[in-house]
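Asker: coordinates only, no sequence provided:
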């Protein structure tokens, strides 16, 4: 090879190497963020990402894992996400957040809804979470009074209330205490009935009827929400008006609900993920309170139990199922 040919080859190889190492090439091979999702509803979260300019498969990847009622199986799901080395884990409820916390102390965790993140031990305070976990609080316990107030408007003679909860749920005690305070203000008698398995639901409604309850107040919890259709069926069977903390219980056949908009919190959870991907630390991102609440009534369920919803209550509903 003559010197001219050697010089040409040298500059050719140099040009190729520079092109490979150029910013344009680096941009093309930039790592796409990978999000691990553990929950039962992802639509709102996906919408939030789209609003922020994320496109799945192009500049974001979502590893979606269905939430499990059983904590051991949920732990298996989140451990799989840890092995995949996701950049952020998003959880749909307290049970999933708890197993995510158990699985990792380094990967950022964003919860989309939690009734009591401080009480559950996920954050040090709402203003300064302090660890690798932050997100949005559903304020479920704090809304017990409003829920009971609406039920009282539907049933002006309400005097005896059956409260259905699950003592295995970490937030059960807090919700029950808030409900007891609200009931005391309305001078109502409370009958608490603990539900630990599906077969306990029928028993609880039977006991509520025996106790001459005028209505049923269902506390919030992942297992209770999973059994929402059964609650609705037994409420109709026993002709007992029931109020729930989430609208999906009404969509499953329940009478009425009042609580933070889950869809809105899921959508806003994407903002937390975006901030973390851009360098923010969960410890410095304050837990956000709900901004949107929804009151949902089912006239179909009301008709099934022979109940008339007062017009002044009906007109305030955000959604009416007919």
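Answerer: Received the coordinates, thanks. Quick caveat: nothing in here was measured; it's all calculated off a predicted structure.

Asker: can you count the residues close to residue 215?
Answerer: By the criterion of other C-beta atoms under 10 Å, residue 215 has 23 neighbours. For glycine as for every other residue, the C-beta is placed from the backbone atoms N, C-alpha and C.

Asker: for it, give its distance to residue 298.
Answerer: Here the distance between residue 215 and residue 298 works out to 15 Å (C-beta to C-beta, to the nearest Å).

Asker: one more: residue 131?
Answerer: Distance, residue 131 to residue 298, using C-beta to C-beta: 40 Å.

Asker: tell me which of these two has more neighbours.
Answerer: Shown here are residue 131 and residue 298; by other C-beta under 10 Å, residue 298 has more neighbours (24 against 17).

Asker: contacting residues around the closest residue to that one other than its chain neighbours?
Answerer: Residue nearest to residue 298 in three dimensions, not counting chain neighbours: residue 321, with 4.1 Å by C-beta to C-beta, 6 or more residues apart in numbering. Shown here is residue 321, whose contacts under the criterion C-beta atoms under 8 Å, 6 or more residues apart in numbering are 250-251, 296-301.

Asker: among the residues you listed, who's most crowded?
Answerer: residue 250 leads the contacts of residue 321 on contacts (other C-beta under 10 Å) with 28 neighbours.

Asker: now residue 30: which helix or strand?
Answerer: For residue 30, there is no host helix or strand (DSSP states H and E).

Asker: oops, could you answer that again for residue 243 instead?
Answerer: Short version, using DSSP H and E: residue 243 is in strand 242-244.

Asker: repeat for residue 65
Answerer: strand 61-66.

Asker: all the helices of the stretch 51-200 of the chain, residue numbers only.
Answerer: 71-83, 94-103, 144-154, 172-185, 199-210 (DSSP state H, counting those that start in this stretch).

Asker: to residue 288, which of these lies closest?
Answerer: helix 94-103 (14.9 Å; C-beta to C-beta).

Asker: helices or strands up against that closest one?
Answerer: With contacts defined as 3 or more C-beta pairs under 8 Å, 6 or more residues apart in numbering; DSSP states H and E, the packing partners of helix 94-103 are strand 34-39, helix 71-83, strand 88-91, strand 109-114, strand 133-137, helix 222-226.

Asker: quick one: pLDDT of residue 5?
Answerer: Looking at residue 5, its pLDDT stands at 57.

Asker: what's the domain layout of the protein?
Answerer: Using automatic domain parsing, the domain parsing of the chain gives 34-138+262-292, 141-260+294-321.

Asker: ok, residue 146 touching residue 258?
Answerer: Yes: between residue 146 and residue 258 there is a contact under C-beta atoms under 8 Å: 5.9 Å.

Asker: neighbour count for these two, which is higher?
Answerer: residue 258 (25 against 14).

Asker: picking up where we left off before, what is the subsequent helix or strand relative to the strand holding residue 243?
Answerer: Assigned by DSSP H and E, the successor of strand 242-244 is helix 247-251.

Asker: how near is the residue nearest to residue 298 to residue 164?
Answerer: Relative to residue 164, and taking C-beta to C-beta, residue 321 is found at 21 Å.

Asker: residues in contact with stretch 298-315?
Answerer: 150, 153-154, 232, 235-236, 239-241, 250, 253-256, 297, 320-322.

Asker: if you look at those residues, which of them are in helices?
Answerer: Counting by DSSP state H, these place 150, 153-154, 232, 235-236, 250 in helices.

Asker: fine by me, thanks again.
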